[in-house]
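[1] curious how this folds, go ahead:
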Amino acid sequence: MARFSTAAVRDFYDRQTTGFVTLGQGGGSGAIHRAVWAPGVVTRDQAFHHVEDVIASRIARGSGAPPLLALDLGCGIGGSLIHLASRHGVRGIGLTLSPVQASIATQRIATAGLTAMVTCREGDYTAIPTDVPSVDIAFAIESFVHGPSPARFFSEAFRALRPGGSLFVCDDVRGDAGGANAERCIEQFMRGWHINTLLDASSIDRLAVDAGFTPVDTIDLTAWLELGRPRDRALAAFVRAFGWLPLRRTRFAHIVGGTALQTCLRRGWIRYVLMHWRKPATLR
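    Residues are numbered from 1 along each chain as shown. Presented below is the predicted three-dimensional model:
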């Protein structure tokens, strides 16, 4: 049973999104996920959109082909779809539980002049609306872990994709076992960030295969994350100094969770990966 209801996750993002956009380093580019400083990345904008660029490189088609259609499963404020449309010519549909995010995304899409290519709306990726057309690509960037049912996530993604289409998940997975200290830290992260599904990569792969997908590969991005920035150290000091306060029940719970995530990533208890599967071109 999921520890956080869909309504609770929706409320979390309704409350926190404005802060993520105004205070987060990627808010200006529409990214409320992490920067990835992979080899060849030289600007902060590139780092915040590295995952989208990898996805685009995997599904690139020759000139003259019609634009691909992508489905963002947990689209946030539309940053990924806007980037894919403006830089790579990909049309897109985004689903988010949060009406606050859907509203901000719609405004950003209009400002970018992309209303003919991109739409974002309220929706649940474990029950994709029936009026969403079949798509060539589906992806979830830092949204998979919030879902209440990973099996339902994969079955719905499989249904939404055209035969031969690709599914990508970029998110946190369980890493090396670390004993009681690791479990306490992981629990702080999950509680603070409203996490329902934190599995190891092999378990996620099995769920995808059970749904009908064929694995392509998994890329570990952890080494290219920004860990231990001055801002992160300051927040960690804040949590150590005031951890005795009931922060887990306040609007600052995500700070406790974020600090725990930094520790888990540094110690290998959690890894940050990009996973890729394909739906068979010919279904049995």
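
[2] point out where the stretch 101-250 of the chain drops to low pLDDT.
    228-250 (pLDDT under 70).

[3] cutoff 50 now
    Segments of the stretch 101-250 of the chain classed as low confidence (criterion: pLDDT under 50) are 244-248, 250.

[4] just checking, S98 touches T17?
    Yes: S98 lies in contact with T17 (Cβ atoms under 8 Å); the separation is 6.3 Å. Any C-beta I mention is one placed from the backbone N, CA and C, and that applies to glycine too.

[5] can you report phi and psi for S5?
    When read as degrees, to the nearest 10, the backbone of S5 gives phi -70, psi 160.

[6] typo on my end, it should be W277
    Backbone torsions for W277, taken as degrees, to the nearest 10, come to phi -130, psi 160.

[7] okay, and the beta partners of it?
    L167, P215 (DSSP bridges).

[8] mind listing what it touches?
    With contact taken as Cβ atoms under 8 Å, 6 or more residues apart in numbering, W277 is in contact with S166, L167, A208, F213, T214, P215, V216.

[9] do the same with G74
    L95, T96, L97, Y125, A140, I141, E142, S143, F144, H146 are the contacts of G74 under Cβ under 8 Å, 6+ apart.

[10] setting the sequence-adjacent residues aside, check what's closest to the third one.
    Nearest residue to L97, sequence neighbours excluded (Cβ to Cβ, 6 or more residues apart in numbering): R10, at 4.2 Å.

[11] how far away is the one you found from G74?
    Taking Cβ to Cβ, to the nearest Å as the measure, R10 falls 11 Å from G74.

[12] kindly report the same for M117.
    Taking Cβ to Cβ, one finds M117 at 19 Å from G74.

[13] what do you get for K279?
    Distance, K279 to G74, by Cβ to Cβ: 19 Å.

[14] A helix includes L227, no?
    No: per DSSP: H, G, I helix; E, B strand; the rest coil, L227 lies outside any helix segment and is coil.

[15] next, count neighbours for it.
    When counting by other Cβ atoms under 10 Å, one arrives at 14 neighbours for L227.

[16] ok, it - contacts?
    Q262, L265, R266.

[17] one step back: give the residues shared as contacts by R10 and G74.
    With contacts defined as Cβ under 8 Å, 6+ apart, the residues adjacent to both R10 and G74 are L97.

[18] can you redo the contacts of L227 as JSON lines with secondary structure and distance to D171?
    Shown next, in JSON lines, are the contacts of L227 (DSSP: H, G, I helix; E, B strand; the rest coil; distance: Cβ to Cβ, whole Å):
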{"residue": "Q262", "secondary structure": "helix", "distance to D171": "16"}
{"residue": "L265", "secondary structure": "helix", "distance to D171": "12"}
{"residue": "R266", "secondary structure": "helix", "distance to D171": "18"}
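
[19] and of the residues you listed, the nearest to L68?
    Set against L68, the nearest of the contacts of L227 by Cβ to Cβ is L265 (31.9 Å).

[20] what is D220 paired to in the beta sheet?
    Applying DSSP bridges, one finds that D220 bridges with V273.

[21] residues near it, how many?
    D220 has 13 neighbours, counted by other Cβ under 10 Å.

[22] surely it touches M275?
    No: contact criterion Cβ under 8 Å: D220 and M275 do not qualify, at 10.2 Å.

[23] buried stuff in stretch 143-160?
    Going by neighbour count (16 or more other Cβ atoms under 10 Å), the buried part of stretch 143-160 is 143-150, 152-158, 160.

[24] ok, stretch 265-277 next?
    Buried residues in stretch 265-277 (16+ other Cβ under 10 Å): L265, W269, I270, R271, Y272, V273, L274, M275, H276, W277.
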